[in-house]
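> how would this look folded up:
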Amino acid sequence: MANVFDYLMWRGDIPLRVKPLNEVDGMVLSRLSYAPFELIGVESAVTVGQACKALLEIPQIEKKLLVKADKRLLEMLCESERFRELVLFEYVNRIDEESETQFSAVTVQVGRGKYYIAFRGTDETLIGWKEDFNMSFTTPVPAQKLAVEYFERLASRVMGTFTLGGHSKGGNLAVYAAAFCSPRLQTRISRIENFDGPGFDAKVLETGGYKKIQQRANTFIPQSSVVGLLLEHEEEYTIVKSTSQGLFQHDTYSWEIERDKYSYLETVTGTSRFLDYAMKEWLASMSAEKREKLVDVLFDALADTNAKTVKDLGENWVGNTLSILRSLHTVDDETRKLLTEAVRLFAKGAGKVLGELRHRK
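Modelled structure (predicted):
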């Protein structure tokens, strides 16, 4: 079945002035936001083609990319008439361990007075992953605040309308920035695209800002989504067919495409529904304070490995696993009790959900 690379071969020679921006284009730009533009010093406006070419000229650039397929995307964008002349600017990349912040975004001019702000999802850094987990007990996290600031600052400098988008956490940031920017700026938002990004707690969904932009928010999730169904979504979501299995469906390169849109399905898989219900049941059974303590304990154990990225963990998987287990084994009695309780509550919630799903059949 066709994927984004097939799309770029079929439609890459059609300029946006002929066929306007569509949901697949949005995913391409959201995926492009993962590129390490800091390696080429993007301090001013540059075309997508120029930026991609400069990155590809870096020796062993594939080691700097999040996934191998990103290199092929850069190569195809260099040749794509649809994308190569689009202007890329206002790239930011901030990682701060002390404040547990991972934030990155870039803006692409996609027409006269039209801009696409692409918020990057979680990168390989453990700080980025911890910030994601922090969403389970606090709002806003630093990246959400920075997303609003980025949008407000950019909009004060350029005139026109905006589409906000992102993959994974980037999709969450796109929706959050739209919901919590100024009411005047909300009128300049044409569309919001969330590609398998997590939702929010109920307090966010009840705000006036979120309700004003809800109808413009478009969420896409694969049929076995896990990340995209975390927390709560008030907006409707579109289910996309993926060629991968389980968690690997989070990779948008596996999403199937029909011409200039995704291949849709009517429902997610039973496994996805089970995990969604079980996670929500689990989180509801724990206070925010306990969630915070649990996340801190788990990431303190990861920190003891001296790994900074997910890749670092994988390079010495056996040794790092032993280090994590030793750290968890030496925690105090109160913390050990919390870990035991967390496992028990998840098992209890999973059992309850499994029983309910069986009863529905």
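
> where exactly do the helices run in the stretch 101-250 of the chain?
With DSSP state H, counting those that start in this stretch, the ranges of helices along the stretch 101-250 of the chain come out as 126-134, 142-155, 169-180, 183-186, 202-205, 208-213.

> out of those helices, nearest to residue 335?
Between residue 335 and the helices of the stretch 101-250 of the chain, the shortest separation by CB to CB is 16.5 Å, and it involves helix 126-134. Backbone N, C-alpha and C define where each C-beta goes, glycine included.

> Rounded mean pLDDT for that closest one, please.
The average pLDDT within helix 126-134 is 63.

> lowest-pLDDT helix or strand in the chain?
Ranking every helix and strand in the chain by mean pLDDT, DSSP states H and E puts helix 270-284 at the bottom, with a mean of 57.

> Please identify the nearest residue in space to residue 323, excluding sequence neighbours.
Leaving aside its chain neighbours, residue 323 sits nearest to residue 305 (4.7 Å; criterion: CB to CB, 6 or more residues apart in numbering).

> Does the one you found fall in a helix, a strand, or a coil region?
Secondary structure for residue 305, judged by DSSP: H, G, I helix; E, B strand; the rest coil, is coil.

> Flag every buried residue along stretch 208-223.
Residues 209, 210, 213, 214, 216, 217, 218, 219, 220, 221, 222, 223 are the ones in stretch 208-223 that count as buried (16 or more other CB atoms under 10 Å).

> Tell me which of the helices of the stretch 101-250 of the chain sits most buried.
helix 169-180 (a mean of 28; mean count of other CB atoms under 10 Å).

> pLDDT weak spots in the stretch 151-300 of the chain?
The model of the stretch 151-300 of the chain has pLDDT under 70 over residues 225-235, 247, 268-286, 291, 294-296, 298-299.

> Skipping its backbone neighbours, what lies nearest the residue positioned nearest the centre of the chain in space?
Nearest to the mean C-alpha position of the chain, by CA atoms, centre = their mean, lies residue 168 at 1.6 Å. Ranked by CB to CB, 6+ apart and with sequence neighbours excluded, the top spatial neighbour of residue 168 is residue 121, at 3.1 Å.

> which residues touch that neighbour?
The neighbours of residue 121, taking CB atoms under 8 Å, 6 or more residues apart in numbering as the test, are 30, 33, 34, 166, 167, 168, 169, 170, 171, 197.

> So residue 241 sits against residue 256, correct?
Yes - Residue 241 is in contact with residue 256 according to CB atoms under 8 Å; the separation is 4.5 Å.

> so what sits against both of the two?
Shared between the contact lists of residue 241 and residue 256 (criterion: CB under 8 Å, 6+ apart) are residues 1, 262, 263.

> what sits against the nearest residue to the last one once chain neighbours are set aside?
Okay, so that is residue 263. Distances taken as CB to CB, 6+ apart place residue 256 nearest to residue 263, at 3.9 Å, with adjacent residues excluded. By CB under 8 Å, 6+ apart, the contact list for residue 256 reads 1, 2, 3, 240, 241, 242, 243, 262, 263.

> Narrow the residues you listed to just the buried residues.
In the contacts of residue 256, the ones that pass as buried (16+ other CB under 10 Å) are 3, 240, 241, 242, 262.

> What pLDDT does the model give residue 105?
Value for residue 105, per-residue pLDDT: 97.

> what does residue 335 give?
Note for residue 335: predicted pLDDT of 71.

> Over to the one 10 residues further on?
In this prediction, residue 345 carries a pLDDT score of 59.

> Also the one 4 residues further on?
Residue 349 is assigned 53 on the pLDDT scale.

> And for residue 140?
Listed pLDDT for residue 140 reads 87.
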